[in-house]
Structure formats: C-alpha cells, structure tokens
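A.B. asks: with the sequence up front, the predicted model follows.
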Amino acid sequence: MKVQMYMMLLLAFIISSCSNSETQPRSIEDFNFNWKFIKGEHSSAETLSYNDTSWEDVRLPHDWSILAGYQKENTAASTGFSEGGIGWYRKEFQVPKTDEGKAIWIEFDGIYNNAAVWINGTKLGFRPNGYASFSYDLTEHLNYGENNVVAVRVDHTAYVDSRWYTGSGIYRDVRLVKTSKVHIPQWGVRVTTPNVDKSRASVHFESKVVGANDNVEIETQILDGNGTQVAYGKTDVLAEGNKGILTLNVENPSLWGIQTPNLYTAIISIKHNGALVDKVTQEFGIRKFRFDSNKGFFLNGENVKIKGVNLHHDAGAVGAAANKATWEYRISKLKSIGVNAVRMAHNPHSPLLMEVCDEMGILVMNEFFDEWHNPKAKSVNHLGDNAAGDAISKGYSDIFFEWAEKDLKTLIQRDFNHPSVIMWSIGNEIEWTFPHYSKTYSEVEGEIKEYKDPPTYDLSKIKPVFDRLTGGVDSLSIVAHKLSKWVKEEDTTRPVVCGSVRPTIAFASGYADAVDVLGLNYRAIDYDVAHKAFPEKCLLGSENWVAYSEWKAALERDFIPGIFVWTGFAYLGEAGPWPRKGLNISLFDFAGFKNPRGHFFECLWKEDPKVYMVTTPASDSEFSFTEKEGWKFDIQYTPPPVWNKLRLWEWYKVNEHWNYDDNEPIVVQTYTNCEEAELFLNGKSLGKQALADFKEEDNIIKWLVPHQKGELKVIGYNNGKKADEYTLLTTSKPTSIKLDIDKPSLKANNYDIAHVYVTLYDETGNKVTNANEDITFHVSEGADLVAVDNGWEMNVNPHNTNKVQTHKGRALAIIRSKGNPGTVTVTAKMGDIKSNVLSLSIE
C-alpha cells in the first residue's frame, strides 16, 4: 500500500512538473538580492575563490553616491556634490544540474558606469554607458550544481562626467533568465499597429527566434485588459532573419490614450518539432498618432496639446536607485496637475518608468544623448563656472564614435513596444558644443536681444556666413544625419526629433533636415518666423521655461503641438554653490511637494476650478504697484557667483504663509482658472478682480495688502458662483505633529513604497508652513525606512537616516515593504512631542 501511494505521488509530481514545464518553459529570476559590495580597487575580486566575507551586504538597486551623502570636498556642483570612485559587486548563486542544456543569461537595466562584468573569473564584457540596458550569455561559463559568482566592477572615477547627478553603481534591476536553446532573445518581439480605427485594428508581430531555423512554429495570443483572448494566430519562422511574421486583427479595440491607457498582452509561444520550448509575454497598446506641421499633434485622430515636462533620472532622496513604486508616485503627482507628456532628459531612463508611462497614459519623448563627440562644460563650484578638468569630467564624448550606434539601437530595441513613446530625440542642445553655430548667429544677428527679438530665418543671409566659418563642412550636421539614419534602421514608425538652441543655423547647416520634428529649446520667440520660413517642418517646444508666456505661445498656435517645461521635479546637480545640491526650478520639489509654480500650471492645465495664493513682502517682490501705472514687473537677476540668467528658470519670490509685521505691505499673488477672484482679510472683502484683466501679461491676479494678523482668504467664482477657495492663516510656533500616508497598505513584495508626510500645527490647530523643526521617525518591524527628505535644495543632510528637519513645516519619510504580511506602525517625534500612530498593512 505504501509503495502504491509512493508511486501515485511520484506520478503526480512528474505530471505536475511536465505540466509546469509545458506552461512555463521560461523562468525570470529577480537577481536583486544577496549582493556584496565594497568601494575601491580590489585585485582579483572577479575570481570565484575571492574572499568577500568582509564586504557590505546590499540589495539592488544600489546607488552608493546617494548613500554616501553630500560632500563639499572632492565632488562637484554639476553632479550634485556626490562622490564617484570605483566600486565592486559580487553575487554567489547556484544553478541546478537540471538546467544544463538551457540558454541562461543575465540582464542589467543600468550600471553607472564603465561596467566590467565577469562570471566565475571569465570576463563577459564592458559597457561604458551608465544608462544602457544590456545582457550577457552565461550558458557556457556556469558551474552546474555548484557555486557561481558574478562580479561587476564599476568605474565612476570621473565624477563630473555629466551636467547633472548620475549616481554610482548597479542602480537598476538585474534578472537571471533561463529558457530553451531555441528561444526568443531579449527584446526579440516587436509589435506595431499599422492600421487603427474604432472598429478594427491590425496588430503586426515580428518575433525573432534563435537556436533553430527549421521546424519552428510561433503561436500568438492577444489578451485584453480583462485577460480575455481577442485574437489568435500562428506562423512558421522564416529562415531569412529567423523571424516569425504575423498580423492579427482586433475588433472594436480599446485604444491606448492619455485618459484611457488601455493595454493588451501578447503571449508568444515557440514550438520546435511540435514541443513548446519558450513563451514570452509582451504588453502593448493599440494607438495611432501623427505630427502635422500646421495643426500640431494628433492621437487616435484627436488633436491633443502636449502638456509636457522634462525629467532627469534621479528621484530625490533615493538618488538613481528608484523602483517602480517610486515612479508611480512621481508620475501620479504630475498627472494630478494635468501633465500628459515627459521628455526623458537627457539620456535613457529606467525601463520601470517606461512601464509606468504606458500604464498611466503619459506620452514620452525618448532621448539618447546630451553630448556627441564634442564635450559640454561641467561645473565644480557653481553652475556656470565650467571649471571641471579633463580627468574628472571625461564623459560620453570620448567614446561617442565607438559606442553611439550600439547605445542608440539598444534603447530603441528595449523601448520599441511602449505605446507611450512617440518620438526619438537624437540630442539636446548639441549646438553649444560647436562654436561656429553661435559665431554665425552673432555675426548675422548683431545686437539682437536673444530670447526677446525674433531672429532672421533668411538662409541667404545665414548660409554664406556659416559656410565661410566652416569651410562648407559641418560635422554636427553630418553626425545628425547618421544618427537619424540609425534610428530609421530600427524604427520607421516614430519621428526623429532634437532639442535645438540655434534653429536658424540648424536650417542653414542641414541639421534641421536630419530630423522629422525640430524641437526648439527656449525659442518660443522663433515660432512664427520659423513656421513662416519653413511651413512644411514640424516644430515643437522641446524645453521651455516654467512660465505662462511659454504655454500661451503654444496655446495660441495650432502648429505648435505643445511644450515640455523645465522641469517636472526638482533634480540633483547642475547647481551650487555649496550647499545648493540641485535645482528646485520645477512643478514639484525633491520630496514631491507641489511648488507654487505647480499650483500655477495646474490652473493652466486642468479644468477643475482652482484658486491658490502666495505672498511676498513688497520690499522683496519683483512686482510693484502704483495707482497711475498699475502693476509692473522688474526682474531681479540671480546674484554672483551663480550665472545671473538662472533667474529666467526660477519662479517669483513667494511664500506660502501669512506671518509678517503689522501693516507691512504684502504682494498677494492669486493663481486660478476661475473667471474672478475675491480677496478677504479677516472677513472683509478687498474687492473682486477678473482673471481676464491679467491674461495678456502673466495670468496672475495681484493685490497689494497691508498685513494684519488673522485670516486671508481668496474665493474663485465662475458665472458669479463660488467655485473654489483657499485660506492662509497667521500661525504661532508648532505645538503638534501629524503624520499622513499616501496609501493604507503595501504589497509584501520587498519593493512597494509608501510616503509618510509630516505636517506641523500650532496650538489653535492651524497648519504651520514656515517652521524648521527636527523630526525623528520610528518604523516597526516589517518595513524599512528607506530615506527622509524635506524637499529643500539646500538640505545636504543624509537621506538614509531616521532624522530630518522640516522645511516650510513639512517633511517626508519613504517606507518600503518587506516580504512578510503583517502590520507596521510609523510614528515621529518633534522633541518631546509625539505624533499620531500610523498603521500600515503589509499584504
């Protein structure tokens, strides 16, 4: 009886194993855990027998620069006063003997930078580009049934190799993939939707197969968002190119769009000699889009104005080591104020961010390079000093000709199937590194006030000067055409774009001819003259000041598809002098708190009625008022040693409180999309004003008010009816602390993130928005306190701690789940004052 039971169990196990093998021939292992790390150079650290027991235990993603904290010495302003150096990573793992005969490879989403990778002492390769995703085949180098070690050496010795914060280390995800020898390689499936309308869509698949070129069949299923099969087909692999080509029709498709980011899942199964040998899933969206040189941008047949932002790849307190939950948090913030597009400035971003953009309905401009073969200047002490020497600033330009084609095509292959991606940018402000562009501009334009007066687009005046200065040969234009050609070799479904700062010269040199859409960086003044001179060329605001005039210029012109303001979130680097670690010239600060300009642009980009209010002492304000002349604006440029034009990127000097001296004259700015606003001081009306009276200038309703303690309230009206209100109160010192959280539960997956917000209150229960108080957090077992922040660009205290000082009366703690279900409590203290207790469910 026991033997019979044993045989039945054995048979059940075999059937189950065969069934699992049949349905899951491919495994993808999360390879982010149980790594060892050490800084500095270590001889023989790549070998299998090397003793790494004294190294630090780390998990990925891992950014050693942010974990080391900000430092004034041996760092630089351009890269956020963060350290570089050399770092080593090692991971020991086993592969069972049953995996012999399979194809096994390792995938890295990003290592910054100059990454050399070994397996068991054998060097697999070297990838200098810190933003590139890549993989290596391990199959022939593994010890099956025994220990294996993958080792990675990271060389970020040139710690000022960029104009912004880069991070250091294996700062993105790593995976181990196992499948059959006959399989679909990484990024081997391409999906396009060549014909789309509301009743039917054609979905075209090209699936590459390696390991065999005969007796291979590919089956493809398409599932909708509910998991229901909506199309099915199969095809043989063509010997030429080892591809299976198949077109399926989806009836009444749910289109991918900004408001309805519907996604489909393709399941591609590979059969060899009738047996299932590989299976991959690929998400995609069904959509169509186009740019029109006269009418702008169309998505699924509807004209859409692009309300875009630029984003750098750091995520504030976690540096470059951001997971998917972090990007979900940030993109949801942007969506909440009306943003519908992101420019990935100025390098390939995380695949996880691309997934989030797909899932949340964000259009993407994907960008390859900030510099080509001529380097850009980097700063050491402050923005604009250009003081970084060659040894510490050696960057991508040194390897451009060797790696540009591979890096460009790798990104297209990686991101090809993302419906969010609508264009490929080959470069950002490249003209700055080719002096003959600016020399030509200056010689042609003379005393023109740049950014204020429109330049000439008469090529008969520009080209002779340009040709004389270059001898008729322009390497910028030559390289641009080569880059565009490489893009088209990989993808003919999306336009090529660039961010140009010398568009008049770009038309004369041929640079503009290399791209399908010419992006104009800070050149709204050029829109009309450029369109008149070259009506067939699609134009775009690719980088714009966070200013009303920039949006107004696009809104009033059908031929301008939209803009990308600089920036969506505050970013590390490109700043200084110490302790200014980054630039908060954005809609949201480093911690994700909405800036005043974020409230302002929400009024421009959202239809929901809104009114918001900020204040400034008249003595500090750039606005002044007289009965005779009304409101005037006198810009106050940034004082030395920083570049004085930085003020063009900064917002007005404003406060978000009502704490001043009695009778002190205060300029009150009101941001609204309501027709009228009425201001009340301690219940007394100070009058109504119409937004229309301010639309031609700055779209800001303004009052000059002598300060009185108490309540300042603004009410917005539409059609004479109250639509929204906002209040500022005079407050005293904080006497209590309150914690709030952005989600009630986390997934028990070691990755999910919650954001805990600190708010201070005075004795009367009013929110205090101008206090800096020391806060200490406590998080119980079951979750990790990953980082703290207050959003201030001058905050150079460590993030990987439980202590933070509030800024504007607020602070942030980032909590990450562990792997076990349970309940986690979060508390905080301000001196002896305790907060409320937050309970967070880990499920």
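C.D. replies: Looks like it arrived, so ask away. Because the structure is predicted, anything quoted here is derived from the model rather than measured. Residues are numbered from 1 along each chain as shown.
A.B. asks: only C-alpha atoms from now on, for both contacts and neighbour counts.
C.D. replies: Will do.
A.B. asks: the helices in the stretch 501-650 of the chain, which residues?
C.D. replies: For the stretch 501-650 of the chain, applying DSSP state H, counting those that start in this stretch gives helices covering 503-509, 527-533, 548-555, 596-605.
A.B. asks: wait, residue 727 sits on residue 716?
C.D. replies: No - Residue 727 lies out of contact with residue 716 (C-alpha atoms under 8 Å); the separation is 11.7 Å.
A.B. asks: endpoints of stretch 574-592, how far apart?
C.D. replies: End-to-end span of stretch 574-592 (C-alpha to C-alpha, to the nearest Å): 19 Å.
A.B. asks: same check, this time on stretch 63-81
C.D. replies: End-to-end distance for stretch 63-81, by C-alpha to C-alpha: 14 Å.
A.B. asks: what does stretch 179-191 give?
C.D. replies: 22 Å.
A.B. asks: one more: stretch 77-88?
C.D. replies: Terminal residues of stretch 77-88 are spaced 25 Å apart (C-alpha to C-alpha).
A.B. asks: over to stretch 175-191?
C.D. replies: One end of stretch 175-191 sits 23 Å from the other (C-alpha to C-alpha).
A.B. asks: go on, stretch 183-192?
C.D. replies: End-to-end span of stretch 183-192 (C-alpha to C-alpha): 21 Å.
A.B. asks: so for residue 727 and residue 716, which residue has more residues nearby?
C.D. replies: Neighbour totals were compared for residue 727 and residue 716, and residue 716 leads with 29 against 17 (other C-alpha atoms under 10 Å).
A.B. asks: tell me who's in contact with that one.
C.D. replies: By C-alpha atoms under 8 Å, 6 or more residues apart in numbering, the contact set of residue 716 is 609-611, 672, 674-678, 722-725.
A.B. asks: for residue 708, see how far away it is.
C.D. replies: In terms of C-alpha to C-alpha, residue 716 sits 22 Å off from residue 708.
A.B. asks: can you show me the strands along the stretch 501-650 of the chain?
C.D. replies: Listed in chain order, the strands of the stretch 501-650 of the chain (DSSP state E, counting those that start in this stretch) span residues 517-521, 538-544, 562-565, 571-572, 582-583, 611-617, 623-626, 630-633.
A.B. asks: report the contact partners of the closest residue to residue 749 other than its chain neighbours.
C.D. replies: Distances taken as C-alpha to C-alpha, 6 or more residues apart in numbering put residue 819 closest to residue 749, at 5.0 Å, once the chain neighbours are dropped. Shown in contact with residue 819 (C-alpha under 8 Å, 6+ apart): 748, 749, 750, 782.
A.B. asks: how many neighbours does residue 346 have?
C.D. replies: 23.
A.B. asks: name the SS class of it, please.
C.D. replies: What DSSP: H, G, I helix; E, B strand; the rest coil gives for residue 346 is coil.
A.B. asks: which residues touch residue 551?
C.D. replies: 562, 563.
A.B. asks: I'd like to know how far the residue nearest the centre of the chain sits from residue 570.
C.D. replies: With the centre of the chain defined as its mean C-alpha position, the nearest residue by C-alpha atoms, centre = their mean is residue 311, 4.5 Å away. Going from residue 311 to residue 570 by C-alpha to C-alpha gives 9 Å.
A.B. asks: tell me where the chain is predicted with low confidence.
C.D. replies: Scanning the chain for pLDDT under 70 picks out 1-23, 240.
A.B. asks: returning to what we had before: surely the residue nearest to the centre of the chain and residue 569 touch.
C.D. replies: Yes - in this structure, residue 311 is within contact of residue 569 by C-alpha under 8 Å, at 6.6 Å.
A.B. asks: centre of the chain to stretch 448-459, how far?
C.D. replies: 32 Å (C-alpha atoms, centre = their mean, to the nearest Å).
A.B. asks: ok, residues contacting it?
C.D. replies: Contacts of stretch 448-459 (C-alpha under 8 Å, 6+ apart): 445, 504, 507, 508, 522, 523, 524, 525, 526, 529, 530, 533.
A.B. asks: quick one: the helices in the stretch 51-200 of the chain?
C.D. replies: In the stretch 51-200 of the chain, the segments counted as helices under DSSP H, counting those that start in this stretch are 64-68.
A.B. asks: what is the burial count for the closest residue to residue 160 other than its chain neighbours?
C.D. replies: Closest residue to residue 160 apart from its sequence neighbours, by C-alpha to C-alpha, 6+ apart: residue 393 at 4.5 Å. Neighbour count for residue 393, taken as other C-alpha under 10 Å: 24.
A.B. asks: then residue 150?
C.D. replies: So residue 150, with other C-alpha under 10 Å, has 24 neighbours.
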